[in-house]
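K.L.:
got a sequence here, can you model it:
(chains A, B, C and D)
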Protein chains: 2
Amino acid sequence: MNKKEEVAIQVEDLQPGLSIDCVIFGFHENELKVLLLRLKNSDIWALPGGFVNKEIDVDQEAIHVLKNRTGLESIFLHQFHLFGSVSRNNTYHTNHLIEQKLLDPNLKEWFAQRFVTVGYYALVEYSKVEEPTPDLLSEACEWCAINDLPNLMLDHKDIILEAHATLKKELNHQPIGLNLLPEKFTIPELQSLYETVLEKKLDRRNFRRKMLGYDILIQTNEKRTGVAHKAPDLYKFDQEKYHLAISQGFKSGW
Amino acid sequence: MNKKEEVAIQVEDLQPGLSIDCVIFGFHENELKVLLLRLKNSDIWALPGGFVNKEIDVDQEAIHVLKNRTGLESIFLHQFHLFGSVSRNNTYHTNHLIEQKLLDPNLKEWFAQRFVTVGYYALVEYSKVEEPTPDLLSEACEWCAINDLPNLMLDHKDIILEAHATLKKELNHQPIGLNLLPEKFTIPELQSLYETVLEKKLDRRNFRRKMLGYDILIQTNEKRTGVAHKAPDLYKFDQEKYHLAISQGFKSGW
DNA sequence: TCAAAAGTGTTTTACCTACACCCATGC
DNA sequence: GCATGGGTGTAGGTAAAACACTTTTGA
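P.N.:
Purely as a prediction, here's the structure:
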């Protein structure tokens, strides 16, 4: 392990003590998953995140993180909370990185200061993230089921839980699905997504009626074939109306 | 104007580039108001805010700001957004302060950096804020009607508008009034508060039925006397149920 | 006594809930 | 053919929206 593998960071260009963390949600095999990084030579996982350049909008940096880890752009990304506890410092983790010669010891003080982090959550289509890419300090980037999270650094578990709670709330005003499901999907698949996010079962028939009532779905002429039982109809979102619903919001809740 | 009036700030104790701003709402004469500070020797106004000590939780610092400006504690205070635009720097304002000898020129660089600010909004009872106190850089602290805002520094107007929008949304899940109205109030007064926040008229009878349906009001034996027309009944909040409703949330919206 | 605001009630409509039934498909 | 999931319809209850009427008070 030589100098070349050390992470080069120009700390003077960065907003000190500020970071961002992205809770990137994906939906696969009826499970809600988040994209996590495993730190090098460690069994501790962390949210994809990064620092904020002094000359770049914070929201813009979140877009960068998402792009770098998933390759995806212009998808749903929403700032939801700032985590500013005093205990948010990386002393332990920083020492570990320096021991492993992954970090320049001169950066120790900078890394070990209290970091305030801005939480974002993103909704991405699982299958479109072809190769999740770890960052410089990590050696793995994987989808983890939200109900079976590994050992997470600092308060990252709280951040994930808060993101999930926020997502649940938002479901009362906004549709979801556009960035979590493939372009064409069946209503039962959409329902499964809702049930997974909400963590409760919904009535088939009422779900269909309510969802169709939102007037954001377009029925295609196709059906999902090759599966057992009756072939369900394929739908897609009416993107214009979908985005209108996002911006204007629904009236009632579930 | 001598050295003694200069503001003493130990910048080394502060989280660099991070500030908080509080949108403190009050309700008076059927108007929604916010508490604003007028900067010394200037006609520019600003939100009450401050910097964040490295050793103190960000949320805790917001409580401090509220306490220092209004004298109030343990009231509704909610973090709602981080404003992180690159353009958030105080160059203009800093120069003005130094010219007025209100700020040590040595602090110029620190003050002029890009500041990311955490927005909080608070709901306070107008009459309980007996003497709004300006901070060290301000010479006035006054209630301003939200529909008639003065000239505000930086993006503080956006912050206020966003706080108001957030408050409107929250109304769908939570009751308000406990910290905005006096202990005892009439239902028409509560309705007027809702109408002011929502910026639309509501039906008297439906409002009453819906509000009573929430089961958070307790009717007192008293009536509001001395006013014209039929004396309305005075109510107060059932604080236990009120806070339960805050934490658990309602189902539907308006 | 009269205008204006407060308290109470009713009708209509829409939606949510909880069901029952038939249809298509793979095994 | 039969179990399983998908599409469709319907009756009952609840709540929201849109109303009218009576009561109380100060001027």
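K.L.:
list phi and psi for the residue lying closest to residue A:128 once chain neighbours are set aside.
P.N.:
Spatially, and ignoring its direct neighbours in sequence, residue A:128 is nearest to residue A:72 (6.3 Å; CB to CB, 6 or more residues apart in numbering or on different chains). C-betas here are computed from N, CA, C, even on glycine. Phi and psi for residue A:72, reported as degrees, to the nearest 10, are phi -100, psi 150.
K.L.:
after the longest helix that chain A contains, next one along is what?
P.N.:
If each helix of chain A is counted by residues according to DSSP state H, the longest one is helix A:156-170. Once helix A:156-170 ends, the next helix or strand along the chain (criterion: DSSP states H and E) is strand A:185-186.
K.L.:
so what does that next one touch, helix or strand wise?
P.N.:
strand A:233-237 (3 or more CB pairs under 8 Å, 6 or more residues apart in numbering or on different chains; DSSP states H and E).
K.L.:
buried residues, stretch A:105-116. List them.
P.N.:
A:107, A:110, A:111, A:112, A:113, A:114, A:115, A:116 (16 or more other CB atoms under 10 Å in any protein chain shown).
K.L.:
do the same with stretch A:180-187
P.N.:
Buried-residue list, stretch A:180-187, by 16+ other CB under 10 Å: A:180, A:181, A:185, A:186, A:187.
K.L.:
which strand or helix spans the closest residue to the last one other than its chain neighbours?
P.N.:
The shortest distance from residue A:187 to any residue other than its chain neighbours is 5.4 Å, reached at residue A:208 (CB to CB, 6+ apart). Under the criterion DSSP H and E, the helix or strand holding residue A:208 is helix A:204-213.
K.L.:
helix or strand right after that helix?
P.N.:
In N-to-C order, the element after helix A:204-213 by DSSP H and E is strand A:217-223.
K.L.:
in its sheet, what does that next one sit against?
P.N.:
strand A:233-237 (antiparallel) (DSSP bridges).
K.L.:
what does the helix or strand following the partner strand contact?
P.N.:
The C-terminal neighbour of strand A:233-237 among helices and strands, as given by DSSP H and E, is helix A:239-248. The contact list for helix A:239-248 (CB atoms under 8 Å, 6 or more residues apart in numbering or on different chains) reads A:174, A:175, A:178, A:214, A:215, A:216.
K.L.:
my guess is the residue nearest to residue A:187 meets residue A:190, correct?
P.N.:
No - Residue A:208 is beyond contact range of residue A:190, at 9.2 Å (criterion: CB atoms under 8 Å).
K.L.:
ok, these two, which is more surrounded?
P.N.:
Counted by other CB atoms under 10 Å in any protein chain shown, residue A:208 and residue A:190 do not tie: residue A:190 has more neighbours, with 21 against 16.
K.L.:
surely that one meets residue A:181?
P.N.:
Yes - the pair residue A:190 and residue A:181 qualifies as a contact (CB under 8 Å) at a distance of 6.7 Å.
K.L.:
quick check: closest non-adjacent residue to the residue of the stretch 1-150 of chain A found nearest DNA strand D.
P.N.:
Residue of the stretch 1-150 of chain A nearest DNA strand D, by CB to the nearest atom of the strand: residue A:30 (11.5 Å). Spatially, and ignoring its direct neighbours in sequence, residue A:30 is nearest to residue A:192 (5.5 Å; CB to CB, 6+ apart).
K.L.:
so that neighbour is in which element?
P.N.:
Using DSSP H and E, residue A:192 falls in helix A:187-198.
K.L.:
ok, that helix near DNA strand D or not?
P.N.:
Yes - with CB under 7 Å from any atom of the strand as the measure, helix A:187-198 is seen reaching DNA strand D through A:187, A:188.
K.L.:
please tell me how far that helix is from the chain's geometric centre.
P.N.:
18 Å (CA atoms, centre = their mean, to the nearest Å).
K.L.:
buried ones in it?
P.N.:
Quick answer for helix A:187-198 (16+ other CB under 10 Å): A:187, A:189, A:190, A:191, A:192, A:193, A:194, A:196, A:197.
K.L.:
appreciated, that's everything.
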